[in-house]
Every structure is written in C-alpha cells, then in structure tokens.
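Student: the sequence and its predicted three-dimensional model are supplied below.
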Amino acid sequence: MEDGSGSSHALPGRQESELQKLQRQHEEKMARIQELKREIEALKLRLEQRKSQVPHEMVEAFKALSDKHEKLREEYNALVADRKGREKLN
C-alpha cells in the first residue's frame, strides 16, 4: 500500500509541473497575441496614413499635369497663330 500512497504523492508534483508548463505556454501565447494585436494596430494606422497621402499625391500630380497641359496648349496656339500670320503675309 505504501507504493500506492507513494505514487499518489508523486502525482501532485507531476501535475504541478504539468500545470506550470501549461501556464508558461499560455503566457507565451498571450504575449504573442498581444504582440500581434500591436502589429495589427500599427498596420491599420499605416494604411490610414497612406489612404490620406495617396489622394493628396494624386491631386498634386493632377495639378502638375494640368499646368503642363496649359503651357503646351498656349505654346501650340502661339505657333498656330504665328503660322497663320505668315500665311496671310505670303
């Protein structure tokens, strides 16, 4: 019977060791979950910033293209007017 009682004393130690192992695994997983949550929040913030930057960049690009188009149109109209003026003189 001592063997039965002796093995029963070893069981709580084994259970405690297993419990500690499980608690450590749980803590590691919880730490990883918190780390992933922080990464997700950081990515969300970066995406929001990019969303606001992209339209601004597109507006700036559109303005630059519009200005270039205006200058080219003025240059073209000046050349056409100059050509018509020369044709009238001849």
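Tutor: That came through, no problem.

Student: quick one: the strands in this structure?
Tutor: With DSSP state E as the criterion, the chain has no strands.

Student: just for it, where's the confidence low?
Tutor: Across the chain, the ranges flagged by pLDDT under 70 are 1-11, 90.

Student: just the helices in it please.
Tutor: For the chain, helices defined by DSSP state H occupy the ranges 2-89.

Student: next, the buried residues of stretch 33-41.
Tutor: Within stretch 33-41, not a single residue qualifies as buried, counting by 16 or more other CB atoms under 10 Å. For the C-beta atoms, the positions are set from N, CA and C on the backbone; glycine is no exception.

Student: got the contact list for that stretch?
Tutor: With contact meaning CB atoms under 8 Å, 6 or more residues apart in numbering, stretch 33-41 is reached by no other residue.

Student: gap between it and the chain center?
Tutor: 13 Å (CA atoms, centre = their mean, to the nearest Å).

Student: before we move on, what about stretch 58-70?
Tutor: In terms of CA atoms, centre = their mean, the centre of stretch 58-70 is set 28 Å apart from its chain centre.

Student: could you export that stretch as PDB, CA atoms only?
Tutor: Provided in PDB are the C-alpha atoms of stretch 58-70 (Å, rounded to 0.1, in the frame of the first residue of the first chain):
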ATOM      1  CA  MET A  58      -2.800  62.300 -56.900                       C
ATOM      2  CA  VAL A  59      -4.100  65.900 -56.600                       C
ATOM      3  CA  GLU A  60      -0.600  67.300 -56.800                       C
ATOM      4  CA  ALA A  61       0.200  65.100 -59.800                       C
ATOM      5  CA  PHE A  62      -3.100  66.200 -61.500                       C
ATOM      6  CA  LYS A  63      -2.200  69.900 -60.900                       C
ATOM      7  CA  ALA A  64       1.300  69.400 -62.300                       C
ATOM      8  CA  LEU A  65      -0.100  67.700 -65.400                       C
ATOM      9  CA  SER A  66      -2.800  70.400 -65.800                       C
ATOM     10  CA  ASP A  67      -0.200  73.100 -65.600                       C
ATOM     11  CA  LYS A  68       2.000  71.400 -68.200                       C
ATOM     12  CA  HIS A  69      -1.000  70.900 -70.500                       C
ATOM     13  CA  GLU A  70      -1.900  74.600 -70.200                       C
END
